[in-house]
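>>> Need coordinates for the following:
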Amino acid sequence: MDEFRGPEQVMAAALPQQGTLFDDPSPAADEMIGYRGPTACSAAGITYRQLDYWARTELVVPSIRTASGSGSQRLYSFKDILVLKVVKRLLDAGVSLQNIRAAVDGLRMRGVDDLAQLTLLSDGTTVYQCTNNEEVVDLLRGGQGVFGIAVSGALRELVGSLATLPGERADGSEIDEVPAASADDELAARRQRRSATA
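A predicted model of the protein is given here:
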């Protein structure tokens, strides 16, 4: 038995659907693609010393591959680097490492799509995770928010940065395309061609 469809549904089904002009920047579907320490540092805007310290103190641990002795390479996921970028912004804003650690624990539990919907607000001591505009307004109205970080902005920056940086699969095999940008991202493809000819 067919489902009942009203006249407006029939009209909408008959009209051609227009696609979006720009795809939402999202990381690669392959979660086993990672980035070595120097690439993670470059994309997140941090020093290798910071990266190493944060890994040893378990603030941000590489989720794909940890260092397992001398000469081994850590491999960071897209989400790990996004969290590194957010940690850097919180540090630059003057938030203490102890308060950042509490915020990172909350960020680890979320997927990349959830993180993209998140705005972090802080009064310099406490970091608040807001998932909608009403929460942001409530915090600002209460006087708690001094600065904010829209994680979606950091995500877009990271997609752009990683489009020109090398990645690798967890098993060590080569990747054919840059994972952070979509295959139909013409601008990223142009950047790759330009850097290959330079």
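
>>> The helix ranked longest in the chain packs against which elements?
Ordering each helix of the chain by length in residues (DSSP state H) puts helix 78-92 first. Other helices and strands packing on helix 78-92, by 3 or more CB pairs under 8 Å, 6 or more residues apart in numbering; DSSP states H and E, are strand 33-36, helix 37-44, helix 48-56, helix 97-108, helix 112-116, strand 119-122, strand 147-150, helix 151-162. Heads up, the C-betas are built off the backbone N, CA and C, glycines and all.

>>> Could you rerun that using 6 Å?
helix 37-44, helix 97-108, helix 151-162 (3 or more CB pairs under 6 Å, 6 or more residues apart in numbering; DSSP states H and E).

>>> With just CA atoms, put the shortest one into PDB.
To tie it back to what came earlier, the one meant is helix 37-44. Written as PDB, here are the backbone C-alpha positions of helix 37-44 (Å, rounded to 0.1, in the frame of the first residue of the first chain):
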ATOM      1  CA  GLY A  37      53.700  14.900  14.600                       C
ATOM      2  CA  PRO A  38      55.300  17.600  12.400                       C
ATOM      3  CA  THR A  39      52.200  17.800  10.200                       C
ATOM      4  CA  ALA A  40      49.900  17.900  13.200                       C
ATOM      5  CA  CYS A  41      52.000  20.800  14.600                       C
ATOM      6  CA  SER A  42      51.900  22.700  11.400                       C
ATOM      7  CA  ALA A  43      48.100  22.300  11.000                       C
ATOM      8  CA  ALA A  44      47.400  23.100  14.700                       C
END
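
>>> which residues make contact with that helix from outside it?
Contact with helix 37-44 is made by 48, 51, 74, 76, 81, 84-85, 88, 158, 161-162, 165, as judged by CB atoms under 6 Å, 6 or more residues apart in numbering.

>>> Any stretches of this structure with poor pLDDT?
Counting by pLDDT under 70, the chain has low-confidence residues at 1-31, 70-71, 144-146, 172-198.

>>> check contacts around R36.
Contacts of R36 (CB under 6 Å, 6+ apart): Q73.

>>> now L118
Contacts of L118 (CB under 6 Å, 6+ apart): 129, 151.

>>> I'd like the helices and strands packed on helix 78-92 written out as CSV, with distance to R56 and mean neighbour count added.
Below are the helices and strands packed on helix 78-92 laid out as CSV (distance: least, CB to CB, whole Å; neighbours: other CB atoms under 10 Å):
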stretch, distance to R56, mean neighbour count
helix 37-44, 12, 20
helix 97-108, 13, 16
helix 151-162, 23, 20
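
>>> any chance of the contacts of helix 37-44 in TSV, plus distance to A103?
As requested, the contacts of helix 37-44 are exported to TSV (distance: CB to CB, whole Å):
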residue	distance to A103
Y48	23
L51	18
R74	22
Y76	18
I81	16
L84	13
K85	13
K88	13
L158	18
S161	22
L162	23
L165	26
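
>>> Can I get the buried part of those residues as one PyMOL selection?
A single PyMOL command selects the buried members of the contacts of helix 37-44 (16 or more other CB atoms under 10 Å):
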select buried, resi 51+74+76+81+84+85+88+158+161+162+165
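
>>> All set, thanks.
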